[in-house]
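In: Kindly generate the corresponding structure for this input.
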Amino acid sequence: MRRGFNLIELVAVIAIIGILASIVIPNIAEMQGRASKTAIQNNVRNIQIAVDHFSMERHGAMPTAERPTVNIPQRIDFSVLGEEFLRSTPREGATYWLDASGRVWASTVGAPGGVAVSLAGVVTWSPVSGAVSYTVYEVVGAAPAGTMAAMTLAVAAEGLTETTFAGEAGKAYIVSAVDLHGLPTVPTGPGFVAEAGALPVVPVVGGPVAVIGMTPDTGIFLNTAVVWSSAGSSAFGGRTIAASEWRLNGGVASETPPAAAVMGENTMELRVQDSSGAWSPWVQRVFVVENRPPVAVIGMTPAEGLTEITEITWSHAGSSDPDGQGIVAVEWRNAVASYTIGSHTVELRVQDSSGAWSPWVQRTFTVGAVAWDAVSAGGEHTLALRGGELWAWGRNSEGQLGIGSTSQQTRPVRVGGYSDWSHVSAGWGHSLAIRGGQLFAWGLNSAGQLGLGNTTNQSSPQPVLGGHSTWTHVSGGASHSLAIRGGQLFAWGHNSFGELGIGNTTNQSSPQPVLGGHSTWTHVSAGWNHSLAIRGGQLFAWGWNINGQLGIGNTTNQSSPQPVLGGHSTWTHVSAGLDHSLAIRGGQLFAWGWNGFGQLGLGNTTNQSSPQPVLGGHSTWTHVSAGGHHSLAIRGGQLFAWGWNGFGQLGLGNTTNQSSPQPVLGEHSTWTHVSGGGVHSLAIRGGQLFSWGHHDNGRLGTGHTTDQHTPQLVTLP
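Out: Below you'll find the predicted structure:
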């Protein structure tokens with residue numbers, strides 16, 4: 001006979017009923033339409049049964065063996081109110097918890113005889129005694145294998161009376177049996193057992209699994225050769241991977257990985273098919289293609305020896321793109337054809353076909369002053385070469401400047417637009433120069449000194465024997481000219497004193513061979529009315545000899561070349577002045593001829609009809625030039641001058657004549673070329689041109705007509 005509850009027990013029962021009601025009522029709300037009136041009644045009945053079971057157990061009215069074992073997720077809590085059992089049927093969205101001991105309480109699948117899963121994705125289980133229906137739950141959220149954490153189930157099917165369920169490949173399911181009271185029950189025999197343990201996730205064996213392999217997996221650029229692989233993919237149940245499909249950025253699927261990745265983020269997808277014909281789901285691999293900027297390279301031609309007249313060509317041809325894209329645009333800063341003297345910087349950047357610009361790159365270079373290469377002082381005008389260009393200034397009454405007019409110039413004026421002039425010589429009133437091996441002449445032509453076959457003056461360069469291009473040396477005298485072509489010596493112009501060396505005294509208006517069988521002439525110099533030349537190292541002289549300027553030991557004129565100190569063959573340089581001569585042999589300087597102003601540099605004013613050593617102990621003389629009545633020479637890079645100085649043409653800062661060599665700006669030792677005119681002088685030092693002496697007609701090229709007693713720098717206008 002059942003006895004009644006005491007007050008404490010009644011309070012405990014009411015508490016249990018309240019707690020159970022707090023669980024059941026929300027569950028009813030969550031079902032949202034799926035719960036029927038019967039389900040609600042069953043839940044109420046379940047609560048009553050739970051109360052009855054609790055009471056029977058409490059008072060010993062129900063043996064332990066008769067207690068219903070409930071195979072449902074449970075949570076056991078202990079509180080000051082005493083022992084409480086809370087229970088709820090698994091439902092969609094429900095979460096299953098750990099207890100205080102770290103165990104999960106849930107319906108589990110025993111083994112063997114538990115849930116069996118077929119390859120087709122069919123879930124099967126053994127019939128459960130006392131069960132009236134079955135509910136299948138899909139594991140929606142599962143913790144990693146071997147961990148104890150909350151999991152979430154969703155109802156896949158309920159009210160099943162069969163012991164099979166057509167599941168979906170690749171998903172996990174749990175099956176629960178429901179008895180006639182609507183409660184999950186414990187099966188008898190193999191199958192479901194009520195035990196504490198981790199909630200199992202039962203995979204349904206089915207289709208293959210695709211895995212994308214990518215090498216390299218970082219640092220991807222447009223031209224990076226990415227190797228894609230499906231080798232990590234797998235199949236189950238003894239099956240093999242039979243096929244694969246790739247697609248890039250949602251494009252058309254293909255059997256091989258597409259290669260046309262784009263700049264920025266890309267998505268490669270893969271699915272594989274096993275030997276049963278089943279396809280895996282598409283899997284993705286997101287990667288980023290980076291764009292490296294192009295590399296700009298400045299090309300510069302020429303790259304060295306730049307001067308203010310150098311024409312520079314700029315190029316970006318060496319630029320490139322590391323990703324193999326083309327260069328589609330360029331931007332320059334300060335890239336022009338020519339520059340002023342000083343330091344300059346050019347900048348360049350290039351753009352590739354994707355629109356990326358390279359950083360600006362720089363090229364800094366220095367432009368120097370154009371070095372003067374050669375200079376020749378005439379009677380009252382001057383010619384000079386600078387970077388292959390021909391410049392002229394001074395008197396121009398006979399067109400001797402070659403600029404197409406007869407206007408005198410006090411500053412250098414360029415002759416034509418050519419830049420391949422190589423040799424130049426200024427006579428008294430005419431000019432000679434070689435360009436590309438061809439000989440040109442212009443200016444005064446009264447005695448045929450231009451060699452054009454007539455006696456007409458010319459104000460611009462005219463070709464001499466135009467078909468020939470092997471002229472190498474040239475020299476203009478007062479009214480005659482000398483030149484070497486292919487080693488042969490030619491002469492033309494005034495010949496009253498035999499200065500042409502052709503055996504007579506008849507003027508010639510076209511080039512005539514001098515001792516025509518010889519082809520080893522190397523140096524030549526035309527004086528006022530006499531001539532000097534070197535052949536095979538031997539020195540020869542001819543023409544006017546009234547003051548012994550031929551150096552042959554007498555004062556008799558000669559109309560054909562005569563050897564000077566014939567036993568010597570080491571003469572290297574020679575220069576004929578108005579009526580005196582200078583030459584270098586073995587580095588030693590010799591002088592002869594008229595010496596009225598001390599122009600022989602011998603320390604006296606006595607004429608000499610044979611070569612005399614100048615400062616005989618020295619053997620390092622390299623250049624020499626005889627002017628009207630003064631002389632200039634370079635020794636060890638230092639410049640020396642002597643002779644007449646009435647207009648300051650010695651450059652010593654005074655107008656006192658000197659009968660021995662005097663240093664000009666003695667501290668300097670980089671003089672390379674020198675030339676003496678009628679009463680003015682010019683020389684080159686460190687590539688710069690200096691002039692001094694008489695300045696009427698602008699022959700010094702400094703922009704005025706005032707005499708200068710010291711070297712003055714000549715600059716371009």
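
In: hey, where'd the helices end up in this structure?
Out: For the chain, the helices defined by DSSP state H occupy 7-31, 37-59.

In: Tell me which residues of stretch 642-662 come out buried.
Out: 642-652, 657-659, 661-662 (16 or more other C-beta atoms under 10 Å). The C-beta positions use only the backbone N, C-alpha and C, and glycine is treated the same way.

In: typed the wrong thing, it's stretch 480-497
Out: Judged by neighbour count using 16+ other C-beta under 10 Å, the buried positions of stretch 480-497 are 480-485, 488-497.

In: what's the model's confidence in it, averaged?
Out: Average pLDDT, stretch 480-497: 97.

In: what sits against residue 471?
Out: 423, 434, 437-439, 483-485 (C-beta atoms under 8 Å, 6 or more residues apart in numbering).

In: before we move on, what about residue 350?
Out: 294-296, 316, 319, 327, 329-331, 357-358.

In: Residue ranges of each domain in the protein, please.
Out: For the chain, the structural domains run 1-67, 70-77+88-206, 213-290, 299-367, 372-714, going by automatic domain parsing.

In: So which of the ones you listed is the most surrounded?
Out: domain 372-714 (a mean of 21; mean count of other C-beta atoms under 10 Å).

In: shaky segments in the stretch 151-300 of the chain?
Out: For the stretch 151-300 of the chain, residues meeting the criterion pLDDT under 70 lie at 151-154, 168-207, 236-237.

In: Does residue 488 touch residue 518 like I think?
Out: Yes: counting by C-beta atoms under 8 Å, residue 488 does reach residue 518; the two are 7.0 Å apart.

In: pretty sure residue 664 is touching residue 653, no?
Out: No: contact between residue 664 and residue 653 fails when scored by C-beta under 8 Å: they sit 9.5 Å apart.

In: So for the most centrally placed residue in the chain, what's the nearest residue that isn't a sequence neighbour?
Out: With distances taken as C-alpha atoms, centre = their mean, residue 297 lies nearest the centre of the chain, 2.9 Å away. Spatial nearest neighbour of residue 297, excluding adjacent residues (C-beta to C-beta, 6 or more residues apart in numbering): residue 318 at 3.5 Å.

In: how close does the one you found sit to residue 295?
Out: Residue 318 sits at a distance of 9 Å from residue 295 (criterion: C-beta to C-beta, to the nearest Å).

In: In contact with the closest residue to residue 534 other than its chain neighbours, which residues?
Out: Excluding the flanking residues, the one nearest residue 534 by C-beta to C-beta, 6+ apart is residue 523, at 4.2 Å. Residue 523 is in contact with 473, 533-534, 571-574, counting by C-beta under 8 Å, 6+ apart.

In: which two in those are spaced the farthest apart?
Out: 473 and 571 (14.4 Å; C-beta to C-beta).

In: any chance you could map the strands in the stretch 301-450 of the chain?
Out: All strands of the stretch 301-450 of the chain, identified by DSSP state E, counting those that start in this stretch, fall at 313-315, 327-333, 342-352, 361-367, 372-377, 381-386, 389-394, 409-414, 421-426, 430-435, 438-443.

In: Show me the one of the ones you listed that comes nearest residue 539.
Out: strand 421-426 (19.0 Å).

In: Give the pairing partners of that closest one; include direction for each.
Out: strand 430-435 (antiparallel) (DSSP bridges).

In: ok, now how distant is the closest residue in space to residue 351 that isn't next to it in sequence from residue 347?
Out: Leaving aside its chain neighbours, residue 351 sits nearest to residue 329 (4.1 Å; criterion: C-beta to C-beta, 6+ apart). Residue 329 sits at a distance of 15 Å from residue 347 (criterion: C-beta to C-beta).

In: do the same with residue 390
Out: For residue 390 relative to residue 347 (C-beta to C-beta), the value is 36 Å.

In: just for the chain, where's the confidence low?
Out: 1-131, 137-154, 168-207, 236-237.

In: what sits against residue 534?
Out: For residue 534, counting by C-beta under 8 Å, 6+ apart, the contacting residues are 521-524, 540, 571-572, 574.

In: could you dump those residues to CSV with distance to residue 231?
Out: Below are those laid out as CSV (distance: C-beta to C-beta, whole Å):
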residue, distance to residue 231
521, 86
522, 83
523, 85
524, 88
540, 94
571, 89
572, 84
574, 90
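
In: Closest one of those residues to residue 444?
Out: Among these, and counting by C-beta to C-beta, the member closest to residue 444 is residue 524, at 20.0 Å.

In: gap between the closest one and residue 482?
Out: 5 Å.

In: Find the residues that touch each one of these two.
Out: With C-beta under 8 Å, 6+ apart as the test, residue 524 and residue 482 both reach 474-475, 489, 531, 533.

In: Of the residues you listed, which is the nearest to residue 553?
Out: For the shared contacts of residue 524 and residue 482, the nearest to residue 553 is residue 531 (17.6 Å; C-beta to C-beta).

In: The closest one bridge partners, please.
Out: residue 526, residue 542.

In: From residue 471, how far off is it?
Out: Taking C-beta to C-beta, one finds residue 531 at 17 Å from residue 471.

In: ditto for residue 628
Out: 27 Å.

In: I'd like to know which of the buried residues of stretch 642-662 is nearest to residue 697.
Out: residue 647 (12.6 Å).

In: from what I can see that closest one touches residue 678, true?
Out: No: taking contacts as C-beta under 8 Å, residue 647 lies outside contact range of residue 678: 9.5 Å.

In: any residues in contact with both of the two?
Out: The contact sets of residue 647 and residue 678 overlap at residue 694 (C-beta under 8 Å, 6+ apart).

In: contacting residues around the closest residue in space to residue 332 that isn't next to it in sequence?
Out: Excluding the flanking residues, the one nearest residue 332 by C-beta to C-beta, 6+ apart is residue 348, at 5.6 Å. Applying C-beta under 8 Å, 6+ apart, one finds that residue 348 lies in contact with 296-298, 314, 316, 319, 330-333, 335, 360-361, 363.

In: if you set the cut-off to 10 Å instead, what comes out?
Out: Contact analysis of residue 348 by C-beta atoms under 10 Å, 6 or more residues apart in numbering lists 296-299, 314-316, 319, 330-335, 358, 360-363.

In: for residue 346, same thing?
Out: Residues in contact with residue 346 (C-beta under 10 Å, 6+ apart) are 298, 300, 312, 314, 332-336, 339, 361-365.

In: Then residue 221?
Out: With contact taken as C-beta under 10 Å, 6+ apart, residue 221 is in contact with 261, 263, 289-292, 322-324.

In: OK, contacts around the closest residue to it other than its chain neighbours?
Out: Spatial nearest neighbour of residue 221, excluding adjacent residues (C-beta to C-beta, 6+ apart): residue 323 at 5.1 Å. By C-beta under 10 Å, 6+ apart, residue 323 lies in contact with 221-224, 263, 289-294, 352-354, 356.

In: Take these and keep only those in strands.
Out: Those of the contacts of residue 323 mapping onto strands are 221, 289-290, 352, per DSSP state E.

In: of these, closest to residue 444?
Out: The nearest member of the ones in strands among the contacts of residue 323 to residue 444, counting by C-beta to C-beta, is residue 352 at 64.8 Å.

In: Not counting sequence-adjacent ones, nearest residue to that closest one?
Out: residue 325 (4.0 Å).

In: What of residue 686?
Out: Nearest one to residue 686, counting by C-beta to C-beta, 6+ apart, is residue 670 at 4.8 Å.
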